[in-house]
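Chemist: Fold the stuff below for me.
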Amino acid sequence: EYELALEQNPNSVKILLALGSLHSRRENWEKAIEAYQNLVLVNPSDDHFFKLGESYARLGRAREAIHFLKRSLEMNERFVNSHILLA
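Modeler: Just a heads-up that it's a prediction; the model follows:
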């Protein structure tokens with residue numbers, strides 16, 4: 001359903017966020033990364049960069065995870081989740 005909705009509205013933050021969350025819950029990190037990459041292009045935010053960094057971390061790709069977690073902190077230096085995951 002989300003992918004069909006995304007075809008009709010590819011820049012929908014709500015749909016991209018829901019799709020990324022769905023893939024994260026299923027631990028399909030490659031698909032989650034794909035959704036979150038599109039999400040940060042449409043609507044960059046500290047939380048969206050965190051979700052992308054977290055997905056990379058779960059996949060074991062530390063360099064990319066660190067990059068996006070730092071981007072999250074550039075937007076909001078007090079974003080606790082990014083600090084915790086970086087630690």
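
Chemist: hey, let's count contacts and neighbours off CA atoms from now on
Modeler: OK.

Chemist: Report all helices and strands that the helix-or-strand element of the chain with minimal mean pLDDT contacts.
Modeler: When the helices and strands of the chain are scored by mean pLDDT, DSSP states H and E, helix 2-8 comes last with a mean of 84. Helices and strands touching helix 2-8, as assessed by 3 or more Cα pairs under 8 Å, 6 or more residues apart in numbering; DSSP states H and E, comprise helix 13-25.

Chemist: can you pull the buried residues of the helix it packs on?
Modeler: Neighbour counts over helix 13-25 (16 or more other Cα atoms under 10 Å) mark 13, 15-24 as buried.

Chemist: for the residue nearest the centre of the chain, helix, strand, or coil?
Modeler: In the chain, the residue lying closest to the centroid (Cα atoms, centre = their mean) is L52, at 2.8 Å. Following DSSP: H, G, I helix; E, B strand; the rest coil, L52 is assigned to helix.

Chemist: and it, what is it in contact with?
Modeler: 32-33, 36-37, 65, 68 (Cα atoms under 8 Å, 6 or more residues apart in numbering).

Chemist: For it, give me the pLDDT.
Modeler: pLDDT recorded at L52 is 98.

Chemist: How about N11?
Modeler: Note on N11: pLDDT of 89.

Chemist: Out of the contacts of L52, who's the most crowded?
Modeler: Using other Cα atoms under 10 Å as the neighbour test, these are led by Y36, with 28 neighbours.

Chemist: Please, which helix or strand holds that one?
Modeler: Element membership of Y36 [criterion: DSSP states H and E] is helix 29-42.
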